[in-house]
Every structure is written in C-alpha cells, then in structure tokens.
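1. Quick one, what's the 3D model for this:
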Amino acid sequence: MKKALYLILVIMLSISCDSTEPEENMPEEKITLDILNTEPEIIQLKFTSTNINKTDSINIYRQSSPPVRLAAFYNDVAETTIVDKNSGLGLEWNTTYSYYAEIIGKTNKTTTLIETTTGEPDTTTQDFTFQVFELGDSPGANSFANDVWVFSENNVWVVGKFKLGENNTNTYTVIHWDGEKWIPVNQIINSFGVDAIWAADEDNIFIASQIMYKYNGTTFDYWDFSQMNPKGAPLHIWGVDKNHVWAVGTEGLILYYDGIKWKELDFPENYYFRAITGDINEGVAYASAVDINKTNTIIVKISDVNTEIVFESEDYNIELNLIEFIKYEKEKLICFSESFGKTLWEFNLANNSIAYKEIEEPVGISIDDGHYSNSKDIYFVGDDINGECRLLHYNGNKGKIINLPYNNIFKFSATHGIKNFTVSCGNKNNTKSIIIFVRREL
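-> Residues are numbered from 1 along each chain as shown. Here you go, the predicted structure:
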C-alpha cells in the first residue's frame, strides 16, 4: 500500500514540475512581407517577424525561374527593409514582380506571394548629367563620328573617321570606350570612313563602309562584293541576330545576310534609304526611303527574299518626307520625319492608318536620328532653325529639350543607348568628332 501511494506521489510531482505549456497556448510564430514602395526601377519590401527565434535564418526571394534570392539574414531584428534594384541594373518598367519570404528549415513558414507593378518615370522631369569628348581638331583633320552602338556604360563603339594620336596624325574608323578611355580598334578601313554600326553581340559587330565588315571579337572580316557589284552603298543596318541581318543605302540598295553570305534584293534605284528597323518575332525588316526628287516617302517591308512597299506618302496626300527615325512596336511603326514641327507619328500596319503624336513642346527641331526604349521614352537628336544642335526627349506626352553643356554649333549624326544611358555623336565642320554621354538620374 505504501509503495502504491509513493508511486502516485512521484507521478504527481513529475507532472507538476513539467513546465512545458500546451501547444495551443504557445505564441504564434509569424512572418510577413509587404510592399513598402514601388518606383520605375526599384521596389522596397518590408519584412516583419513575430515570436521568431533570433537564430532562425530568413531568405527573401523574387519569384522567377529559378527564384532570385534578394536577402539572407538571421532574424535578430523584428523588422527590416529589403530593396530590389536588380543587382544595380534597375528593374524593368511596367513589369509585375512577385516576392515571398521563408524561414529556412521550417515547413509551412513561407509567406504568400505579394505582387506589385513598376511604373514609368516622368522622364521630362529627371536630372541629366553629361560627359563630352572631342576628337581631332586641327586643320585638315577631317574627323567625324557617324554612328554609335552602346552595350553598356563601359562598352561603347563609335564609327566614322577619327584623327587621333600625337598631332592628330593617326587615322582610325572604329573606336571603343572601355569605361576609362577611347581605344582605336583598327587603322583606317578605307578613306571614306565608316557609315553605320549594328551589333548582335560583342563578337558579331557589323559595320557599313562602302562594303560590309564584321568584327568577330578579335579582327575584322569583310565580304568581297566585286562579283555581286551592288548598285549603291550601305548606310544603315538592322538585324534579328547574327544570322539575319539587313543593310540598306543609296540607289535602292538592299542587302541581306544569312550568316554565311550577303545577297542583294531587287529594288528600284531611284530611292535613297534613310533608316531601318524590324520585327524580331516575324523576322522581317522595315526601311524608310525617299525618291530621288524627295517628293514621295515610302516604307518597305523586307524579308530574306522579298520586298513590299507598305506605305507611300503620296497615297495620303501629306508631306512626311525624309523619315530619319523608324521603330517597330506591336504592328505599328513609330516614325519621326525630318521637318520643322510636330512630326512624330505612327503607321498602323494592320489597317494602314496614321496617328499623329502631338509634342507639346518644342517645335522647330529637325531630327537626324533617335533612340527608342519604349513609346514613352524616346531620345531624338537634331538641330534647330539656327543650326544649333539639340537633344530632345519625348515621354509619350510632351517633348523636352535637354540643354547640353556644349555651346558650339555642330551636326548630330546618331544616338543609341540602354535605358538611362544614351550616347550621341556628330561632328563640327567635319574637322572635330563630338561624342556626348547622357546619363539620366532617376
């Protein structure tokens, strides 16, 4: 009997000494992830934890395939902010992003996906900074920049004809910016200089200089056109990739490259091509041209074997001559004609209609070239009625002249860029090459 009572007492004491609370009375472990702020290129997230062990590891992810880990940390604070800048490159505009957080090693400790969509900056209110380069400036230097291609801020290619070296005695036709200095890529290709550049990648850079050349990452390859004997000279290049490239130019010249050889497509010789773009998905190019009398402007659809005129200004009884800029976007061609006034317009390929884009300000800019990021972010270069160079930005609603830190009168030739970095080039009286880096601060 005494043993039984002793056993009962031991059990009771054991129960009374157990400090573990019932599971239903334990504080709930909770983690949350919220959108704190969304900008065109940056998303801020707020992570909050409740009753989580300080030694637990937390991961924050952007949903993708595979997921991108934005942050990893111990839960030593109850609240923290995570900023997604896409590794410093900036997020894409008008894009929906999803995020979630998880506690490593614990099941069912993952937040639900949260979403937010980036917008677009009001690009006419942003700050711009500039970096200006002048190459060659001596009597008879004959230095000019015709075209530019931007891979990154530290990888810019400019073509033309450049007098460099001591006393500007060395002549080059292709130069490369490595982030610190301009490096000549080659000696002179020919005495005329280089007219145009287009790149599929850093090892497939196409240039036009009377005939076609391609930089393969080390040297220049060129094609002998003597047997083909093209009627004109190539001036503008566009391609889908390194195996599907078009070049257009004077005297109705249309060339197509299939990755192995170039061939010429038949087209009337009384046209002069001014610009080229294309539809990457369909694999076709669109080029603008004007007739020899400058009375009829056309847009030509070009495949690998055929050409088709899809627009003629004569059919619309309007003056849209000298289309210096053209860009394909979703069955529409965005065009800017070289004339003083509000001449940004769209041509709808589906129904052959024209829609004008009013530029509230300014007027009086004659356009030479443009760089297109999207329909609300376009740079144009040209000059005004006084012959002074102008850089114009259009944000889908209005235009803004960006005042350049360069007061000399010179002629713009081309512009190209990536997102918030644009490079424009030209020359002053064909004796000095002018290259301007334009950086937009968001």
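
2. which stretches of the protein form helices?
-> Along the chain, the stretches classed as helices by DSSP state H are 2-17, 313-316.

3. Return the set of buried residues in the last one.
-> Think helix 313-316. For helix 313-316, the neighbour count (16 or more other Cβ atoms under 10 Å) marks residue 313 as buried. To be clear about C-beta, it is placed using only N, CA and C from the backbone, and glycine gets the same treatment.

4. what does stretch 275-291 give?
-> Neighbour counts using 16+ other Cβ under 10 Å place 275-279, 284-291 of stretch 275-291 among the buried residues.

5. Any regions of the stretch 251-400 of the chain where pLDDT drops low?
-> For the stretch 251-400 of the chain, the stretches with pLDDT under 70 are 316-322, 338-343, 358-366, 375, 385, 387.

6. Kindly recompute the last result at 90.
-> Counting by pLDDT under 90, the stretch 251-400 of the chain has low-confidence residues at 274, 290-297, 311-400.

7. next one: the stretch 1-150 of the chain
-> By pLDDT under 90, the low-scoring segments of the stretch 1-150 of the chain are 1-31, 39-41, 49-58, 65-66, 73-80, 85-95, 102-113, 118-130, 132, 134-144.

8. again, only using 80
-> Low-confidence segments of the stretch 1-150 of the chain, defined by pLDDT under 80: 1-29, 51-52, 54-55, 75-78, 88-90, 93-94, 105-109, 119-127, 136-142.

9. Give me the neighbour count for residue 72.
-> Neighbouring residues of residue 72 were enumerated by other Cβ atoms under 10 Å; the total is 11.

10. burial count for residue 162?
-> Residue 162 has 30 nearby residues by other Cβ under 10 Å.

11. got it, and residue 258?
-> By other Cβ under 10 Å, 11 other residues sit near residue 258.

12. ok, for it, nearest residue in space, not its chain neighbours?
-> Leaving aside its chain neighbours, residue 258 sits nearest to residue 243 (6.3 Å; criterion: Cβ to Cβ, 6 or more residues apart in numbering).

13. and that neighbour, what does it touch?
-> Residue 243 is in contact with 257-259, counting by Cβ atoms under 8 Å, 6 or more residues apart in numbering.

14. and it, how far is that from residue 308?
-> Distance of residue 243 to residue 308, given as Cβ to Cβ, to the nearest Å: 22 Å.

15. do residue 231 as well
-> Taking Cβ to Cβ as the measure, residue 231 falls 20 Å from residue 308.

16. Check whether residue 29 really touches residue 75, as I assumed.
-> No: under the criterion of Cβ atoms under 8 Å, residue 29 makes no contact with residue 75, lying 10.2 Å away.

17. what's the overlap in contacts for the two?
-> Common contacts of residue 29 and residue 75, defined by Cβ under 8 Å, 6+ apart, comprise 52, 103.

18. For the stretch 251-400 of the chain, which segments count as strands?
-> 254-257, 262-264, 271-279, 284-291, 297-302, 307-312, 323-329, 332-337, 344-348, 353-357, 365-374, 377-384, 389-394, 399-402 (DSSP state E, counting those that start in this stretch).

19. thinking again about what came up before, need the contacts of residue 243 in JSON lines (columns: distance to residue 424).
-> Listed next are those as JSON lines, based on distance: Cβ to Cβ, whole Å:
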{"residue": "257", "distance to residue 424": "27"}
{"residue": "258", "distance to residue 424": "33"}
{"residue": "259", "distance to residue 424": "31"}
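
20. so which of these would you say is closest to residue 221?
-> residue 257 (11.5 Å; Cβ to Cβ).

21. burial of the closest one, as a residue count?
-> Residues lying near residue 257 (other Cβ under 10 Å) number 21.
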